[in-house]
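Asker: Mind folding the following:
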Amino acid sequence: MLHLNYKNRLNSGKNLLAFSGGVDSSALFFLLLENGIKFDIALVNYGLREQSKKEEAYALTLAKEYNLKAYTTQSPNFNNNFEKNARDFRYRFFDEIIKKENYNNLITAH
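Answerer: Below you'll find the predicted structure:
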């Protein structure tokens, strides 16, 4: 159950969910749906594992099934400091979408 303050804020704005296809973001995806909160999804495909393609396909399938916009991008290869570079790339991607599409809230699972 979402706390009433969060639910009111999310219901009054345009929301973008940072989605990875993993357990946490998938659980949050369905929690938002169950609470009637409108949102779209954004996913970065790092291409590091064979499963990355499946996670992106899963995101696109969910978006289509629930009539949501889905934004995806492929990250470049990071030669060093992967965690920091991946995080910076991911949040730049989210920020570009938020500004271009006038989202009010970025929702992350953690």
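
Asker: Can you tell me the centre-most residue of the chain?
Answerer: The C-alpha lying nearest the average C-alpha coordinate of the chain belongs to Ala18 (Cα atoms, centre = their mean; 2.0 Å).

Asker: now it, which residues is it bridged with?
Answerer: Taking DSSP bridges as the rule, Ala18 bridges to Ala42.

Asker: contacting residues for it?
Answerer: Ser25, Ile41, Ala42, Leu43, Arg90, Phe94, Leu106, Ile107, Thr108, Ala109 (Cβ atoms under 8 Å, 6 or more residues apart in numbering). (Each C-beta comes from the backbone N, C-alpha and C, glycine too.)

Asker: Mind doing that once more with 10 Å?
Answerer: Taking Cβ atoms under 10 Å, 6 or more residues apart in numbering as the definition of contact, the neighbours of Ala18 are 25, 28, 41-44, 90-91, 93-94, 106-110.

Asker: now do Val44
Answerer: The contact partners of Val44, taken as Cβ under 10 Å, 6+ apart, are 18-20, 52, 56, 71-75, 86-87, 89-94.

Asker: Pull out the buried positions in the lengthiest helix in the chain.
Answerer: Criterion DSSP state H: the longest helix present in the chain is helix 82-101. Buried residues in helix 82-101, counted by 16 or more other Cβ atoms under 10 Å: Ala86, Phe89, Arg90, Phe93, Phe94, Ile97, Ile98.
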